[in-house]
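Visitor: structure of the sequence below:
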Amino acid sequence: MDVKLKNFLGMKPGKYLFILYSTLLLAILFFLLVYPGLRNSGSVVVFSSDPAETSVWSGTTYVGATPCRAFFPKGNYTITFRKVGFEEKSVSIQVKGRIFCSKFIPKKLKVSTQLALAQPDAIMQSAFTEYATYGLINSFSERYQPQPVLTEAVKALTSYQDKAKVETFLLNALKHAYNDYLIKDFINAYSLLKEEKLPDQSDNALAAAAVKLLGGNGDAICHLCACPGKLSEAAAAQAGAKQPALVASVSPKAGDLTLLGMHLTEVPAGTYILGHQGQTGAFNEADPAPYAKQITKVYISEQITKDAYSKFVKVYPKWAEKIEYSTESTDKEHVSNVSWYGAQAYCQYLTDQLPADLKDKYIFRLPTEYEWEAYAQNGKDSPQSLWDWCQNWYAPADVFYSDNAPDTLAGAEKAVRGGGRQAWVRGCQSPEWVTPFLGFRVVLVEK
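Guide: Residues are numbered from 1 along each chain as shown. I've put the predicted structure just below:
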């Protein structure tokens with residue numbers, strides 16, 4: 001055996017094994033230290049931006065959101081930075097490679113940019129919609145929490161000069177806060193806007209900071225104190241909040257109208273006590289506690305019928321949508337499968353049909369939740385199974401203690417009422433949805 005090994009290629013066994021192991025070691029080192037650089041030469045590109053959370057694109061390929069990093073093969077690239085409300089910016093980069101040890105010590109290239117603020121309204125609108133969407137979710141936990149969208153929006157608007165507009169945006173967004181997580185985001189965002197030191201994140205410290213920051217804004221403090229949760233309880237204790245006395249005062253009824261073949265029931269002007277009359281204490285989304293609301297006189301129709309809507313569709317066939325009059329609806333008389341946008345178009349259609357002496361003074365639109373409930377309180381809540389579209393965006397129950405957020409700051413879903421439920425029961429749907437269980441009625445109001 002030794003003789004055979006000794007004679008193998010004319011080398012002694014020790015020398016042969018040394019060469020064999022050395023060759024194997026060199027091969028391993030080659031594939032670890034050199035081959036990766038030859039096969040895929042390139043660099044790790046590190047992206048950063050001001051503001052952060054800016055999307056990074058290489059051509060049509062999404063890379064990530066800043067700060068982020070990605071490997072790019074050797075070559076030339078056009079990188080585009082995009083963020084809602086900011087000017088889009090593109091930069092050209094040249095990525096070089098490294099052959100030796102590229103797997104373990106890759107070549108790095110840092111790319112940083114600053115975006116100019118271009119559309120502050122778009123930033124506020126996007127943040128408001130996302131915040132309002134979170135407001136529709138009833139269950140958050142330590143493992144699943146909403147993103148701090150208001151805080152990030154205020155950071156993005158640091159260079160924006162109209163601070164009063166940003167404050168209005170935050171106060172309107174607060175109306176959609178319905179738990180401690182969303183309230184904390186509001187307080188942090190409001191503190192940044194007012195250039196105050198961010199409060200300690202304990203409930204008492206946050207509550208004290210909120211009451212101090214909001215100062216004389218009674219509506220905002222009222223909402224803050226009325227929301228469920230420990231943070232609201234602490235805020236109520238800080239503010240010494242008390243529920244206002246509720247007093248109804250409704251004008252005498254002048255009389256109903258018949259117009260364009262519709263019977264319109266008068267809802268007199270006045271202060272109405274709405275909500276679940278037997279409920280006091282904390283707010284509930286489906287059954288809000290009693291609240292007082294001032295309402296201007298309106299005239300409300302019965303639910304729009306299929307025959308009436310079909311005449312509209314003949315003139316404007318694009319709004320036929322899914323009007324197949326599904327047999328799933330238990331009320332065959334009234335139209336369903338109409339989106340909120342279709343109902344709005346029908347209101348404009350009716351407005352166009354008004355006599356000349358009324359057209360300059362009145363319009364048709366969908367009822368607000370307040371108007372719908374006041375109408376239903378007078379025994380006009382018919383037992384039909386259909387829900388009705390409402391004009392306003394859906395918001396947490398106690399938003400009714402103050403005015404609706406303006407239409408320029410849209411919410412996530414439109415409010416709906418009815419469905420054979422009690423007058424105060426609320427619901428919501430995306431405005432583009434059409435279902436066999438959702439119809440609408442209209443109101444005539446002065447311009």
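
Visitor: from here on, just use CA atoms for contacts and neighbour counts.
Guide: Will do.

Visitor: pLDDT below threshold where in the stretch 251-400 of the chain?
Guide: By pLDDT under 70, the low-scoring segments of the stretch 251-400 of the chain are 279-286, 322-332, 379-380, 382-384, 396-400.

Visitor: in it, which spans are helices?
Guide: Using DSSP state H, counting those that start in this stretch, the helices of the stretch 251-400 of the chain run over 306-315, 340-353, 356-359, 369-375.

Visitor: out of the ones you listed, deepest packed?
Guide: Ranked by average neighbour count under the criterion mean count of other Cα atoms under 10 Å, the helices of the stretch 251-400 of the chain are headed by helix 369-375 at a mean of 24.

Visitor: all strands for the stretch 251-400 of the chain, in order.
Guide: In the stretch 251-400 of the chain, strands defined by DSSP state E, counting those that start in this stretch lie at 257-259, 262-267, 270-274, 291-295, 298-301, 362-365, 387-393, listed in chain order.

Visitor: now these as JSON lines including mean neighbour count and distance to Gln377?
Guide: Below are those laid out as JSON lines (neighbours: other Cα atoms under 10 Å; distance: least, Cα to Cα, whole Å):
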{"stretch": "strand 257-259", "mean neighbour count": "13", "distance to Gln377": "19"}
{"stretch": "strand 262-267", "mean neighbour count": "19", "distance to Gln377": "10"}
{"stretch": "strand 270-274", "mean neighbour count": "20", "distance to Gln377": "8"}
{"stretch": "strand 291-295", "mean neighbour count": "20", "distance to Gln377": "13"}
{"stretch": "strand 298-301", "mean neighbour count": "22", "distance to Gln377": "13"}
{"stretch": "strand 362-365", "mean neighbour count": "20", "distance to Gln377": "20"}
{"stretch": "strand 387-393", "mean neighbour count": "25", "distance to Gln377": "15"}
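
Visitor: Ala234: which of the ones you listed is closest?
Guide: With Cα to Cα, the closest approach to Ala234 among the strands of the stretch 251-400 of the chain belongs to strand 291-295: 22.4 Å.

Visitor: other SSEs contacting that closest one?
Guide: The criterion is 3 or more Cα pairs under 8 Å, 6 or more residues apart in numbering; DSSP states H and E, and the helices and strands that strand 291-295 contacts are strand 270-274, helix 369-375.

Visitor: sheet partners, orientation included, of the first one?
Guide: Read that as strand 270-274. Taking DSSP bridges as the criterion, strand 270-274 pairs within the sheet with strand 249-250 (antiparallel), strand 291-295 (antiparallel).

Visitor: export those as TSV, with columns for distance to Leu274.
Guide: Converted to TSV, these look like this (distance: least, Cα to Cα, whole Å):
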stretch	distance to Leu274
strand 249-250	12
strand 291-295	5
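
Visitor: for the most centrally placed residue in the chain, which three-state class applies?
Guide: Central residue of the chain (Cα atoms, centre = their mean): Glu130, 2.2 Å from the mean position. Using DSSP: H, G, I helix; E, B strand; the rest coil, the secondary structure recorded for Glu130 is helix.

Visitor: outside of the host helix or strand of Ala189, which residues touch it?
Guide: With secondary structure defined by DSSP states H and E, Ala189 is part of helix 180-193. Contacts of helix 180-193 with the rest of the structure, by Cα atoms under 8 Å, 6 or more residues apart in numbering, involve 131, 134-135, 140, 145-146, 148-152, 154-155, 163, 166-167, 170, 174, 177, 197-199, 201, 206, 209-210, 213, 224, 228-232.

Visitor: which ones are touching the nearest residue to Ala235 once chain neighbours are set aside?
Guide: Distances taken as Cα to Cα, 6 or more residues apart in numbering put Ala207 closest to Ala235, at 4.5 Å, once the chain neighbours are dropped. Taking Cα under 8 Å, 6+ apart as the criterion, Ala207 is in contact with 231-232, 234-235, 238.

Visitor: same thing but 10 Å
Guide: The contact partners of Ala207, by Cα atoms under 10 Å, 6 or more residues apart in numbering, come to 183-184, 187, 199-201, 213, 224-225, 230-239.

Visitor: same question for Ile300.
Guide: By Cα under 10 Å, 6+ apart, the residues touching Ile300 are 256-257, 262-267, 364-367, 371-372, 375, 380, 441-445.

Visitor: what's the neighbour count on the nearest residue to Gly275 once chain neighbours are set aside?
Guide: Among residues not flanking Gly275 along the chain, Pro290 sits closest, at 4.3 Å (Cα to Cα, 6+ apart). Pro290: 22 surrounding residues under other Cα atoms under 10 Å.

Visitor: ok so, going back, now the contacts of Ala207: which count as buried?
Guide: For these, burial is judged from neighbour counts taken by 16 or more other Cα atoms under 10 Å, and it is met by 183-184, 187, 199, 213, 224-225, 231-236, 238-239.

Visitor: what score does Glu152 have for pLDDT?
Guide: The score at Glu152 is 94. That number is its pLDDT.

Visitor: tell me which residues in the helix or strand encompassing it are buried?
Guide: If you go by DSSP H and E, Glu152 is part of helix 149-156. By neighbour count, with 16+ other Cα under 10 Å as the criterion, the buried positions of helix 149-156 are 149-154, 156.

Visitor: flag every buried residue along whichever helix or strand comes after that helix.
Guide: Helices and strands here follow DSSP H and E; after helix 149-156, the next one along the chain is helix 163-174. Buried positions in helix 163-174, judged by neighbour count with 16+ other Cα under 10 Å: 166-167, 169-174.

Visitor: show me what counts as buried in the strand or helix carrying Asp219.
Guide: Assigned by DSSP H and E, Asp219 belongs to helix 218-226. For helix 218-226, the buried set under the neighbour-count rule, 16+ other Cα under 10 Å, comprises 219-226.

Visitor: can I get those in TSV with pLDDT and distance to Ile273?
Guide: Rendered in TSV, the data for the buried residues of helix 218-226 read as follows (pLDDT from 0 to 100; distance: Cα to Cα, whole Å):
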residue	pLDDT	distance to Ile273
Asp219	74	18
Ala220	81	21
Ile221	81	21
Cys222	75	17
His223	74	18
Leu224	80	21
Cys225	78	20
Ala226	70	18
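
Visitor: hmm, back to that, so how far is the helix holding Ala189 off the chain centroid?
Guide: The gap between where helix 180-193 is centred and where its chain is centred comes out at 16 Å by Cα atoms, centre = their mean, to the nearest Å.
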